[in-house]
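Asker: All I have is the shape, not the residue letters:
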């Protein structure tokens with residue numbers, strides 16, 4: 001790209017694990033600022049703070065004058081146009097974007113086809129069928145080793161498993177960026193998902209799976225690495241994850257994605273575990289000391305074009321990628337042979353800069369080469385895309401004062417209460433009945449749910465101003 005543009009950049013590379021400390025030290029000194037921060041994980045609050053005080057440059061005029069590709073995105077992608085401005089309409093950071101449903105549908109459910117064949121089960125299309133399939137796997141020695149050691153369903157976290165089933169109850173119907181908030185289809189008003197009758201039904205279903213040993217009983221302390229370990233012992237009947245890399249290599253070909261959203265008890269058949277187009281609001285920021293803002297704007301705009309996406313994710317034709325007989329873009333096979341002791345990301349990082357994500361570029365299905373594009377997760381995403389909501393919310397925007405209040409309230413309501421009690425309901429250590437449910441719901445209001453919803457409503461209403 002330097003040869004193409006005649007723009008030379010002196011990069012100062014910082015390990016990801018040190019980036020937050022390093023960037024904060026640079027800003028605290030307030031002198032000798034870099035011209036910009038590329039993929040430095042600036043959060044929404046930081047972008048707003050340093051932008052409003054003038055440390056980060058406002059992009060609006062540069063977008064209008066020098067960034068036709070990005071301007072086109074703002075005109076055509078509503079959740080980008082609405083989700084990245086500050087409360088006053090100012091844009092202080094360029095985002096990491098996707099226009100690839102394979103990435104945006106996350107997580108997905110993958111089932112062990114060999115296990116299903118062994119026990120005489122078909123791919124489930126309803127919650128009841130899922131239960132029966134998992135039950136057969138547990139009771140009929142699906143791995144054929146003579147032991148009752150099967151783990152019918154697992155995930156890297158209990159919240160991921162919960163999100164995968166929300167659509168079957170009509171919940172999270174504006175996507176997963178707002179996993180606890182959506183619109184009540186009966187009233188068309190904002191609702192808090194965890195206190196709805198449908199969420200109680202979801203918890204009852206999860207508890208049923210958990211109590212009968214169909215959902216991995218160590219899911220509350222699970223990790224992706226632990227999922228991989230169990231799959232490689234041929235114990236897992238199904239797992240919930242964005243792609244199939246968590247299955248390791250030995251048995252990965254035994255798994256296939258579900259082909260439909262699971263229908264729930266009320267007739268809902270949605271896949272709502274899908275995020276918006278913006279994955280990071282501060283993937284690139286330009287500082288006030290940058291002497292070449294117009295050049296920087298033009299330089300950055302390229303990454304939001306189709307050609308820029310191809311270069312960023314594929315590299316150079318003939319050197320790192322080729323076009324196959326079907327007209328598909330693919331890495332040259334010998335370039336992506338993963339040496340022992342290495343990973344796919346480390347291998348492709350030698351000739352493309354995308355590994356690790358959160359880059360200020362648009363990822364397009366045609367060129368993105370992450371594990372979500374492997375055949376099984378790619379097909380699963382295509383199948384589930386038929387059941388996703390028509391509108392997926394992007395980020396909501398708040399003033400500093402509003403953000404402080406939301407952070408404080410959500411720390412108490414979500415982190416300290418919801419996470420604890422919901423996991424107890426799933427595990428059965430807290431009984432779920434009319435009395436305990438009423439106590440659970442009332443506790444949210446005691447903790448300030450009305451105030452939290454009022455703030456969220458403000459963000460929701462502001463979202464539709466742009």
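Answerer: Cool, the structure landed. Just so it is clear, the model here is predicted, and its values are computed rather than measured. Numbering: from 1, shown residues only.
Asker: Can you list the buried residues in stretch 365-381?
Answerer: 365-374, 376-378, 380-381 (16 or more other CB atoms under 10 Å). All C-beta spots, glycine's among them, are computed from the backbone N, C-alpha and C.
Asker: Tell me which stretches of the stretch 351-466 of the chain form strands.
Answerer: 362-364 (DSSP state E, counting those that start in this stretch).
Asker: And the stretch 101-250 of the chain, by the same measure?
Answerer: Assigned strands in the stretch 101-250 of the chain, in chain order: 108-112, 154-155, 181-184, 189-192, 238-241 (criterion: DSSP E, counting those that start in this stretch).
Asker: any chance of those strands in CSV, with mean neighbour count too?
Answerer: CSV is the format used below for the strands of the stretch 101-250 of the chain (neighbours: other CB atoms under 10 Å):
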stretch, mean neighbour count
strand 108-112, 25
strand 154-155, 24
strand 181-184, 19
strand 189-192, 17
strand 238-241, 25
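Asker: residues contacting the residue nearest to residue 30 when sequence neighbours are not counted?
Answerer: Once flanking residues are discounted, residue 30 sits nearest to residue 55: 7.8 Å by CB to CB, 6 or more residues apart in numbering. The contact partners of residue 55, by CB atoms under 8 Å, 6 or more residues apart in numbering, come to 27, 30, 33, 287, 288.
Asker: of those residues, closest to residue 170?
Answerer: Set against residue 170, the nearest of the contacts of residue 55 by CB to CB is residue 27 (44.0 Å).
Asker: chain center to the helix or strand where the closest one lies: distance?
Answerer: Element membership of residue 27, judged by DSSP states H and E, is helix 19-29. With CA atoms, centre = their mean, to the nearest Å as the basis, helix 19-29 stands 27 Å off its chain's centre.
Asker: Same check on stretch 99-119?
Answerer: The answer for stretch 99-119 is 16 Å, by CA atoms, centre = their mean.
Asker: what does stretch 121-140 give?
Answerer: Chain-centre distance of stretch 121-140: 27 Å, with CA atoms, centre = their mean.
Asker: Show me which parts of it are buried, residue by residue.
Answerer: 121, 124, 126, 127, 130, 131, 133, 134, 135, 136, 137, 138.
Asker: Can you tell me what sits against the least confident helix or strand in the chain by mean pLDDT?
Answerer: Every helix and strand in the chain was compared by mean pLDDT, DSSP states H and E; the lowest is helix 344-348, with a mean of 85. Outside of helix 344-348, the residues within contact range by CB under 8 Å, 6+ apart are 245, 331, 335, 336, 337, 338, 339, 354, 355, 356, 369, 371.
Asker: thinking the first one is in contact with residue 372, fair?
Answerer: No: in this structure residue 245 lies outside contact range of residue 372 using CB atoms under 8 Å: 9.3 Å.
Asker: quick one on the thing from earlier: could you give me the ChimeraX syntax to select whichever of the contacts of residue 55 are buried?
Answerer: Buried residues within the contacts of residue 55, by 16+ other CB under 10 Å, are selected in ChimeraX with:
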select :27,33,287
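Asker: of the contacts of residue 55, closest to residue 308?
Answerer: Of these, the one sitting nearest to residue 308 (CB to CB) turns out to be residue 287, at 22.4 Å.
Asker: Distance check, the closest one against residue 97.
Answerer: 22 Å (CB to CB, to the nearest Å).
Asker: Return the residues in contact with the residue nearest to residue 264 when sequence neighbours are not counted.
Answerer: Residue nearest to residue 264 in three dimensions, not counting chain neighbours: residue 168, with 3.4 Å by CB to CB, 6+ apart. Neighbouring residues of residue 168 by CB under 8 Å, 6+ apart: 127, 202, 261, 262, 263, 264, 268, 269, 270.
Asker: Just among the residues you listed, which is most surrounded?
Answerer: residue 202 (26 neighbours; other CB atoms under 10 Å).
Asker: In contact with that one, which residues?
Answerer: 162, 165, 166, 168, 169, 171.
Asker: again, only using 7 Å
Answerer: Contact analysis of residue 202 by CB atoms under 7 Å, 6 or more residues apart in numbering lists 165, 166, 169, 171.
Asker: Find me the pLDDT at residue 27, would you?
Answerer: Looking at residue 27, its pLDDT is 89.
Asker: repeat for residue 198
Answerer: Residue 198 carries a pLDDT value of 98.
Asker: Disregarding residues adjacent in the polypeptide, which is nearest to it?
Answerer: Spatial nearest neighbour of residue 198, excluding adjacent residues (CB to CB, 6+ apart): residue 169 at 4.2 Å.
Asker: Where is the longest strand in this structure?
Answerer: Of all segments of type strand in the chain, defined using DSSP state E, the longest is strand 278-286.
Asker: and whichever helix or strand comes after that strand, what other elements does it pack with?
Answerer: As assigned by DSSP H and E, the chain's next helix or strand after strand 278-286 is helix 293-301. Packed against helix 293-301 by the contact rule (3 or more CB pairs under 7 Å, 6 or more residues apart in numbering; DSSP states H and E) you find helix 60-66, helix 68-76, strand 278-286.
Asker: Whichever helix or strand comes after the second one: which residues count as buried?
Answerer: The first helix or strand that comes after helix 68-76 along the chain, using DSSP H and E, is helix 78-83. Going by neighbour count (16+ other CB under 10 Å), the buried part of helix 78-83 is 78, 79, 80, 82, 83.
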